[in-house]
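Engineer: Got a sequence here, can you build the structure:
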Amino acid sequence: MKIHSPTQVGMSLLFMCALGIAYDVFINESEALINWFLVLIFLFIALYVFKAQTDYWWHKEYPLPIEPEIKKWLVHNFPFYNSLEGETKQKFEDRLGLYIEARLFTSLGSKEREVPEDLKAMIAAHAVRVTLNYEDFLIGDFDRIMMYKHPFPTPKHQYLHIVETEVEDGVIIFTLDYLLNGVLKPDQYYNIAYHAYVEAFCKQNPTIDFSFLETVTKDHMHLISGFKVEDLLTTLGYKSLDPVPVIITYYFTFRDNFIDLLPDVVAELDDIFAV
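Structural biologist: Next up is the predicted model:
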């Protein structure tokens, strides 16, 4: 998804005008234009410093349509998108572009790499789904999305794991291969994209009461997903696991199974997440 930058256009125009004035000052010795040159340079620097905020504000007012290949991916791989209609579908698409623009995506390895736009969109779709009922679809200050090719340790969890959210640093971290498998093969792999964004959402909204999920047992979770909790712990790399993000992830990924087994719990989750 290409995000066109009005700030970049403005900076280019300011630069060309400043260059023209500088030429006139140098050739024709038009000293009266020096103040205009300084004003243009000041505006150029201001746009450069506030580029991200300005672009985000502009596209919030004037959203860009998502590109055809992104829409095609959503149709074939993101069932929730196909359930939307009219203004709600437009809201989803607008927020998808805004989320990509407002967040820094980084692929980490021997060196940092650019993240392809289609991968950004795939990840962002999960954030938008989780927060579609809420104004804060950016989920507070979780503004850095980082990806490793392999399980990773962090200062707070000094052992190998595949997903983490950290409030203080405003970071969400994934292992890329498992992320892709969880999105494209949800029956075989746990969806760590939903897990991360649900966990971030819960941390950002601590007043939401999820105590009703205490009725969901390990056996329920196994029957809904086909994944044993013990196996999930091994896969994620954690020694213990908060069941709330897991249960809500299953609500998003195995909704029909969840309804068949625990319709009352689904109804309560619908009050929080349904659109």
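
Engineer: So which helix or strand of the chain has the lowest pLDDT on average?
Structural biologist: The weakest-scoring helix or strand in the chain, judged by mean pLDDT, DSSP states H and E, is helix 51-61 (a mean of 62).

Engineer: Could you report the neighbour count for V167?
Structural biologist: Close neighbours of V167, defined as other Cβ atoms under 10 Å, add up to 12. (Glycine included, C-beta is placed from N, CA and C.)

Engineer: contacting residues around it?
Structural biologist: Shown in contact with V167 (Cβ atoms under 8 Å, 6 or more residues apart in numbering): 141-142, 203.

Engineer: Assign I172 to helix, strand or coil.
Structural biologist: Following DSSP: H, G, I helix; E, B strand; the rest coil, I172 is assigned to strand.

Engineer: That one bridge partners, please.
Structural biologist: For I172, the beta-bridge assignment (DSSP bridges) gives partners I145, T165.

Engineer: I'd like the average pLDDT over the one helix or strand K120 maps to.
Structural biologist: Per DSSP states H and E, K120 falls inside helix 117-131. Mean pLDDT, helix 117-131: 96.

Engineer: Then stretch 229-244?
Structural biologist: Mean pLDDT, computed over stretch 229-244, is 92.

Engineer: hey, where'd the helices end up in the stretch 101-250 of the chain?
Structural biologist: 117-131, 176-184, 192-204, 218-225, 229-236, 243-253 (DSSP state H, counting those that start in this stretch).

Engineer: Ok, which of the ones you listed comes nearest E67?
Structural biologist: Shortest distance between E67 and the helices of the stretch 101-250 of the chain, using Cβ to Cβ, is found for helix 117-131: 7.9 Å.

Engineer: returning to what we had before: which strands and helices lie in contact with the helix holding K120?
Structural biologist: Counting contacts by 3 or more Cβ pairs under 8 Å, 6 or more residues apart in numbering; DSSP states H and E, helix 117-131 packs against helix 68-77, helix 86-102, strand 104-108, helix 176-184, helix 192-204.

Engineer: quick one on the thing from earlier: list buried residues within the contacts of V167.
Structural biologist: Using 16 or more other Cβ atoms under 10 Å as the burial test, the contacts of V167 include F142 as buried.

Engineer: What is the nearest of the contacts of V167 to F80?
Structural biologist: Closest to F80, out of all of the contacts of V167 and judged by Cβ to Cβ, is F142, at 20.6 Å.

Engineer: Contacts only, for the closest one.
Structural biologist: So F142 contacts 103, 165, 167, 170-172, 200, 204 (Cβ under 8 Å, 6+ apart).

Engineer: Export the helices and strands packed on helix 117-131 as CSV, with columns for mean pLDDT.
Structural biologist: CSV is the format used below for the helices and strands packed on helix 117-131 (pLDDT from 0 to 100):
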stretch, mean pLDDT
helix 68-77, 93
helix 86-102, 92
strand 104-108, 92
helix 176-184, 95
helix 192-204, 97
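
Engineer: Alright, I will stop here.
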